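[1] Fold the following for me, if possible:
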Amino acid sequence: MNAKKVDKLATGILYGIAAVIVMILASLLLYILVRGLPHISWEFLTQPSRAYEVGGGIGIQLFNSFYLLFITMLISFPISLGAGIYLAEYSKKNWVTDVIRTAIEILSSLPSVVVGLFGFLIFVIQFEYGFSIISGALALTFFNLPLLTRNVEESLKAVHFTQREAGLALGLSRWETVLRVIVPEATPGILTGVILSSGRIFGEAAALIYTAGQSAPALDFTNWNPLSVSSPIGLFRQAETLAVHIWKINTEGTMPDGAAVSAGASAVLILAVLGFNFGARAIGKRLHKKLTSA
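    Residues are numbered from 1 along each chain as shown. Now for the predicted structure:
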């Protein structure tokens, strides 16, 4: 068999494997959406859940998921951006950076339940934050930092070296070159990392069971004190997220219509993650054109 036939055969096999993987993922998504979409309504998305009655919704859990995502990204993104810029643009290859990169690789492979137990021991018990938004956000920050830092570093390294030379040739300092030339050019790649991290955070359950809690108390939308346990933006209140709610429904069996609520909540979770991906990609392209004058 000559080289051209071998190349065509290998290409066909790879396309076939890719098609099988896509079909499996698409079938899973369609199965969840077909089962869940009929149960989604405005009342379902806004009403609070009910433990022993039919007709509960996911309003508080959905709000908790978005709010926890916002707090986590507010903490982790600046740290990841700074660490990625340092590793990509300023660090020298020595044992210190080797240790940092090894630690990042180890942390990125940790199971989420281990991160949850770490957050439970440190933030819930040691720092006495209890089961709260801030405990969950800090635990997810440790869960999120390795992936986001590595993504920022790789996105910055992917920018061609001529961009750096052009910035320096125009009289910009090294920091100005990074800030005004390199980071804008790497924005789509960085946003891709933010998308992936947001999807992991939004769909995370194991780490939050031990840190953010498994209850969703009623919220007082007239109270906007971040230190209040009844405030929607309260940092020290328990916050059952959508993913934890799905797990809880299927393990406790306290809802008469638990199967319908679980199917609807799963469909909402899938739609939210898909919305993050497609929306952020569109925003990333627009930002890239605006920041780089492309």
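[2] now for the host helix or strand of Leu28, which elements pack on it?
    Element membership for Leu28 (DSSP states H and E) is helix 3-36. Taking 3 or more C-beta pairs under 8 Å, 6 or more residues apart in numbering; DSSP states H and E as contact, the helices and strands that helix 3-36 lies on are helix 258-292. The C-beta positions use only the backbone N, C-alpha and C, and glycine is treated the same way.
[3] What residues sit buried inside the helix it packs on?
    Going by neighbour count (16 or more other C-beta atoms under 10 Å), the buried part of helix 258-292 is 258, 260-273, 276, 280, 284, 287-288, 291.
[4] hang on, the earlier thing: between helix 258-292 and the helix holding Leu28, find me the angle.
    130 degrees (axes from the mean of the first three to the mean of the last three C-alpha atoms, to 10 degrees).
[5] what pLDDT, on average, does helix 3-36 get?
    The pLDDT scores in helix 3-36 average 91.
[6] repeat for stretch 115-131
    According to the model, stretch 115-131 has a mean pLDDT of 91.
[7] before we move on, what about stretch 222-235?
    For stretch 222-235, mean pLDDT rounds to 84.
[8] By neighbour count, which bits of that stretch are buried? Give me those.
    Under 16+ other C-beta under 10 Å, the buried positions of stretch 222-235 are 229, 231-235.
[9] got the contact list for the residue nearest in space to the middle of the chain?
    The centroid of the chain falls nearest to Ser198 when counting by C-alpha atoms, centre = their mean (2.0 Å). The contact partners of Ser198, taken as C-beta atoms under 8 Å, 6 or more residues apart in numbering, are 69, 73, 276, 280.
[10] which other helices and strands contact the helix or strand hosting Ser76?
    In the assignment (DSSP H and E), Ser76 maps to helix 59-85. Counting contacts by 3+ C-beta pairs under 8 Å, 6+ apart, helix 59-85 packs against helix 42-46, helix 133-157, helix 183-202, helix 242-252, helix 258-292.
[11] Same list (the ones you listed) but as CSV, adding distance to Glu105.
    Listed next are the helices and strands packed on helix 59-85 as CSV, based on distance: least, C-beta to C-beta, whole Å:
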stretch, distance to Glu105
helix 42-46, 39
helix 133-157, 7
helix 183-202, 16
helix 242-252, 26
helix 258-292, 25
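[12] For Val34, which of those is the nearest?
    Closest to Val34 of the helices and strands packed on helix 59-85 is helix 258-292 (C-beta to C-beta; 8.7 Å).
[13] list the helices and strands the closest one packs on?
    helix 3-36, helix 59-85, helix 183-202, helix 242-252.
[14] Mind putting those into JSON lines with distance to Glu153?
    Shown next, in JSON lines, are these (distance: least, C-beta to C-beta, whole Å):
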{"stretch": "helix 3-36", "distance to Glu153": "28"}
{"stretch": "helix 59-85", "distance to Glu153": "4"}
{"stretch": "helix 183-202", "distance to Glu153": "10"}
{"stretch": "helix 242-252", "distance to Glu153": "28"}
